[in-house]
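**Q** Quick one, what's the 3D model for this:
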Amino acid sequence: MILVTGATGFLGSHLAEALLARGERVRLLVRRPDAARWLVERGAECVTGDLSARTRLSDAVHGCRAVIHCAALASDWGAWEDFREANDRGGARLLDACRGARLDRFVHISTVDVYGYPDRDGLDETTPYHDRGFAYNSTKIAGERHVWAARQAGLPVSVIRPGSIYGPRSQTFGVEIVVAIRSGAPLIRGGHVNAGLVYVDNVVALILLALEHPAAVGTVFHSLDDDGHTWRDYFAALCRGLDLPMPKYSLPRGVAYTIGAAMEWLAHARRQSRRPLLTRTAVELLGTRQGFSMQRAKDVLAFTPLVSFDDGVARTVAWLQTLSVSG
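**A** I've put the predicted structure just below:
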């Protein structure tokens, strides 16, 4: 039995689907079982609960040979307490529940955001954390530190740090990108920076390798498509596929960052929960180079991506065309 957290989310749903397709027994930790009905119909088992309930976590882990922790709050805006609960304390509780569970593997899904958007290509997994004081970046670092502490205590962990994951069911790099294009939002630095994109099926393939490969224990792997495509490439491909106009305007990174900081300040002053039009995290994500090295995954796991950029965008466009947002 393999437990998947975050299985009703973007990456988690694709992962659960892939595990079931290869005949694995899969258990899902979900808040709303109805949201996972389609996976249950394919053979998954559900435990109702979330990362806040220690008892439910123990029930979810019981009898499993592996845990894949996909659940997270991944956003550029929100209450700090929500990020701490989801990405920091929630993960710590799950790791506590795994103590004594005789797991073969605990795969933790992290992010390259833990490096703090260094604006350099080719950096490998030995690059140190850089806490920028942004909620997502900061709490994902905290979550990883819990994982490495559990490794010191003997838990067989592997960590995956994906780049910007896109594909069918993606809100952040699917629906929200299209909404931004349609609203006339500008590119940052003309979009001429390595986007660090990765198609969702390629992340899933790497997770499945890390789940079974003995050399993956105690190791962290980047997950990116390593093809050098820029945000401009991605926006242009979506615009061609959806017959949308390419963004006309661009902002320098420094100007955009200042605007994002001002918008965040104003949103906090107004006590608004709605996301500002621009945030510092969004500027750093879209305005810094994200071309991290994939050499370790290639050397250790013999990883090769399954889906090319052109095919990945085509599949994403086909999904977006089924939604009202695309037209």
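**Q** Show me which positions of stretch 298-318 end up buried.
**A** 301, 303, 305, 307, 309, 312, 313, 315, 316, 317 (16 or more other C-beta atoms under 10 Å). In this view, the C-beta of every residue, glycine as well, is placed from N, C-alpha and C.
**Q** Pull up the distance across that stretch, start to finish.
**A** One end of stretch 298-318 to the other measures 30 Å (C-alpha to C-alpha, to the nearest Å).
**Q** let's number from 43 now, not from 1
**A** Yes, from this point I'll number from 43; that puts the last item at stretch 340-360.
**Q** Residues touching it, excluding its own?
**A** The contact list for stretch 340-360 (C-beta atoms under 8 Å, 6 or more residues apart in numbering) reads 208-210, 212, 216, 239, 241, 243-244, 247-248, 251-252, 255, 257-258, 261, 263, 267-269, 271, 275-276, 279-280, 283-284, 336, 339.
**Q** Which of the buried residues of stretch 340-360 fall within strands?
**A** Among the buried residues of stretch 340-360, no member is found in strands (DSSP state E).
**Q** related to what we said a few turns ago, please flag which of the contacts of stretch 340-360 sit within helices.
**A** Mapping those onto helices (DSSP state H) picks out 243-244, 247-248, 251-252, 275-276, 279-280, 283-284, 339.
**Q** Look at residue 333 and say how many residues are nearby.
**A** 21 (other C-beta atoms under 10 Å).
**Q** and the worst-scoring helix or strand of the chain on mean pLDDT, which residues are buried?
**A** Counting by mean pLDDT, DSSP states H and E, the chain has its least confident helix or strand at helix 96-103, which shows a mean of 90. With burial defined by 16+ other C-beta under 10 Å, the residues of helix 96-103 counted as buried are 98, 99, 100, 101, 102, 103.
**Q** from the contacts of stretch 340-360, which would you call buried?
**A** 208-210, 212, 216, 239, 241, 243-244, 247-248, 251-252, 255, 258, 261, 263, 267-269, 271, 275-276, 279-280, 283-284, 336, 339.
**Q** for the stretch 243-369 of the chain, what are the low-confidence residue spans?
**A** Low-confidence segments of the stretch 243-369 of the chain, defined by pLDDT under 70: 367-369.
**Q** just so I have it, where are all the strands in the stretch 193-342 of the chain?
**A** 199-204, 206-208, 229-230, 239-241, 261-265, 292-293 (DSSP state E, counting those that start in this stretch).
**Q** What is the longest one packed up against?
**A** Using 3 or more C-beta pairs under 8 Å, 6 or more residues apart in numbering; DSSP states H and E, the elements in contact with strand 199-204 are strand 147-151, helix 177-194, helix 242-254, strand 261-265.
**Q** Next, the buried residues of the second one.
**A** By neighbour count, and taking 16+ other C-beta under 10 Å as the criterion, the buried residues in helix 177-194 are 177-186, 188-189, 192-193.
**Q** Closest one of the residues you listed to residue 133?
**A** Set against residue 133, the nearest of those by C-beta to C-beta is residue 185 (4.4 Å).
**Q** so what's that closest one up against?
**A** Contacts for residue 185 (C-beta under 8 Å, 6+ apart) come out as 114, 129, 130, 133, 134, 150, 152.
**Q** Go again with 6 Å.
**A** If you count contacts by C-beta atoms under 6 Å, 6 or more residues apart in numbering, residue 185 has them with 129, 130, 133.
**Q** picking that back up, dump the strands of the stretch 193-342 of the chain into TSV; add distance to residue 322 as well.
**A** Shown next, in TSV, are the strands of the stretch 193-342 of the chain (distance: least, C-beta to C-beta, whole Å):
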stretch	distance to residue 322
strand 199-204	21
strand 206-208	17
strand 229-230	12
strand 239-241	21
strand 261-265	23
strand 292-293	13
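**Q** Could you say which of those is packed most deeply?
**A** Mean neighbour count (mean count of other C-beta atoms under 10 Å) peaks for strand 239-241 among the strands of the stretch 193-342 of the chain, with a mean of 27.
**Q** what's it packed up against?
**A** strand 206-208 (3 or more C-beta pairs under 6 Å, 6 or more residues apart in numbering; DSSP states H and E).
**Q** Run through the neighbouring helices and strands of the strand it packs on.
**A** The elements that strand 206-208 packs onto, with contact taken as 3+ C-beta pairs under 6 Å, 6+ apart, are strand 239-241.
**Q** Just the residues contacting the strand it packs on, thanks.
**A** 204, 205, 206, 207, 208, 209, 265, 266, 267, 271, 349, 354.
**Q** First-to-last residue distance for stretch 117-131?
**A** Distance across stretch 117-131, first residue to last, is 17 Å (C-alpha to C-alpha).
**Q** buried sites along it?
**A** For stretch 117-131, by 16+ other C-beta under 10 Å, it's 117, 118, 119, 125, 126, 127, 128, 129, 130, 131.
**Q** Tell me how far it lies from the chain's centre.
**A** 14 Å (C-alpha atoms, centre = their mean, to the nearest Å).
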